[in-house]
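*Asks:* Next input, structure requested:
(one chain, ligands or ions: 1)
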Amino acid sequence: MSTSIEAPATLAETIKSVIAWRRHLHANPELSFNEVETSRFVEETLQAIGGLEIRKPTATSVVARLVTGRPGPVLAMRADMDALPITEATGLPFGSTNAGVMHACGHDGHTAMLLGAARELVARRDRLHGEIRFLFQHAEETFPGGAEEMISRGVMDGVTRVIGAHLWAELPVGQVGVPSGAVTAAPDTFWITIRGKGGHAAIPQQTVDPIAIGAQVVTNLQHLVARGVDPLDSAVVSVTQFHAGTAHNVIPETAELNGTVRTLDAAVRTGIAARMERVIRGVTEAHGATYEFTYERGYRPVVNDPAVTAEMVQVVADVCGAAAVAAMRPVMVGEDFSAFQQKAPGTFFFVGAARPVDGEVHPHHHPKFDVDERALETGVRIFVEAATRYCAAR
Ligand code: NI
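*Replies:* Numbering: from 1, shown residues only. Okay, the predicted model is just below:
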C-alpha cells in the first residue's frame, strides 16, 4: 500500500478500535428507525474522539462536524447504521444478542469505518480546510428511509460533495468498485388485487376465477421487460407474492399479488409503471374481472458523479494499488444514498469484503452473511485519503 496518510501508529490503533466497534455493533443490532442504542454508542464514541460538533438531527441519527475554521469545501461522508429482521446463523462469537435481528448487510462495518475515519481526520485537522461532516444515518433498509429525513433537518446544507461506501460480499477483499453513472436501481413496489367471482370449483362457468386470471397477469407482466425495454437498458419485474384461495374445491373471490420493479433509468421506470397497469387492465377485463393496482416509487437510483468518481478511482488506486480498482457493473438493489446526491455531487463505492461462512460466501441479507474485517481498514483509509485530498489547502 502506498498512501499519503501519515501517522501510521495512530492508524493501527484506530483500526483495532474499528474492529472492536464493529463487533460491538454486530452483537447489538437494531431495526430501522429503532437505532436507539446504536446512535447512543455512536454519539458517545464521537464525544470520546473529541474535536467534533455533534448533534442528533432525528431521534436515532447522528451528525458530527469537523469544523477547521479555515475556508474551504464541505465534504459529507455517510454511513448507514440499521440492521435487518433476520435470525443470525453465522456462529460468530460476537453474533447478535438481539433475537431475530441481525447486521446482515454490513452496516455495522460502515458505522465503525466512519467512526475510524472521524478519529483519523480529527488527528489531522491542522492540515484540513473547510469542514468534514460525518453522517450516521438511520433506516436505510426501510422505505421511506432515513436519508430524506436527515436532509429535511438540514444535514446537507452547504455540503459541496458527498461520499459513501458499502462493504460488498460480491467482491473479494482488496478489490474496490467505484462505478461511474447509475450504480443502484430504483426499487419500486407494486400491489395488485384481482376481483373475480367465487363459486364451486366444479362449476367454473358460474365463476370468474381470479387465480387463472392472476396467472395470466403474472405471465403477461414478463413481457414488460422482455418485449418493452431496450435490451441495452436494465429492468427487473418480479412478482414475489401470490395469495388466493382457502380450499381445494372453492374458487375464491380475489387474488392478491405483490412484487418489485427495479430500474436504473428514469424513463424506463416511468414507462414500466404505465404499461404495467395497461397489462393488468387488459388481462382482467378480457376475463371479466376487475382490479386494484398500487404502485409505490422507492428510492431514486444512486448515480455517481463522473468527476467525483474519477477522483475517487485515483484515491483507491493510490491507497490500495491500481490493481485494486475493480470493474463493477450496477447492482439492482436499492440504496437511499441517492437522496444525498440530490443535494451535492457524490460517489458511492463498494469495498470488497467477501468472507465465507461454512465454506461459502453468502449474499447480503442472508442469515450466514459476514464481512472480512480486513475490508474495514481499506474503507477507513479510502475515506481518510479522500477527505485529506479534497480538504487540502487550495
Ligand atoms: Ni446495505
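*Asks:* Now do the helices in the stretch 151-300 of the chain.
*Replies:* Using DSSP state H, counting those that start in this stretch, the helices of the stretch 151-300 of the chain run over 210-226, 266-286.
*Asks:* And these: which comes nearest L128?
*Replies:* helix 266-286 (36.7 Å; Cβ to Cβ). Using the backbone N, CA and C atoms, a C-beta is placed for each residue, glycine as well.
*Asks:* Would you mind listing the buried residues in that closest one?
*Replies:* By neighbour count on 16 or more other Cβ atoms under 10 Å, the buried set for helix 266-286 is V268, R269, G271, I272, A273, R275, M276, V279, I280, V283, T284.
*Asks:* other SSEs contacting it?
*Replies:* Contacts defined by 3 or more Cβ pairs under 8 Å, 6 or more residues apart in numbering; DSSP states H and E place helix 266-286 against strand 186-195, helix 210-226, strand 235-244, strand 254-263, strand 290-296.
*Asks:* Turn those into TSV, including mean pLDDT, mean neighbour count and distance to R153.
*Replies:* Below are the helices and strands packed on helix 266-286 laid out as TSV (pLDDT from 0 to 100; neighbours: other Cβ atoms under 10 Å; distance: least, Cβ to Cβ, whole Å):
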stretch	mean pLDDT	mean neighbour count	distance to R153
strand 186-195	97	20	24
helix 210-226	97	18	38
strand 235-244	97	15	33
strand 254-263	97	21	29
strand 290-296	98	14	24
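*Asks:* need the contact list for P85.
*Replies:* L31, G100, V101 (Cβ atoms under 8 Å, 6 or more residues apart in numbering).
*Asks:* The last one is in contact with A83, isn't it?
*Replies:* It refers to V101. Yes: at 5.2 Å, V101 counts as touching A83 under the criterion of Cβ atoms under 8 Å.
*Asks:* who touches both of those two?
*Replies:* What both V101 and A83 touch, as defined by Cβ under 8 Å, 6+ apart, is the set P29, E30, L31.
*Asks:* which of those has the most neighbours?
*Replies:* P29 (27 neighbours; other Cβ atoms under 10 Å).
*Asks:* Same list, the helices of the stretch 151-300 of the chain, but as JSON lines with distance to V173 please.
*Replies:* JSON lines is the format used below for the helices of the stretch 151-300 of the chain (distance: least, Cβ to Cβ, whole Å):
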{"stretch": "helix 210-226", "distance to V173": "34"}
{"stretch": "helix 266-286", "distance to V173": "34"}
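*Asks:* show me where pLDDT drops low in the chain?
*Replies:* The chain contains residues with pLDDT under 70 at 1-9, 393-394.
*Asks:* OK, contacts around the residue most central in space within it?
*Replies:* Nearest residue to the geometric centre of the chain (Cα atoms, centre = their mean): E335, 3.3 Å. Applying Cβ under 8 Å, 6+ apart, we find E335 in contact with E140, H166, V183, T184, Y299, V302, F348.
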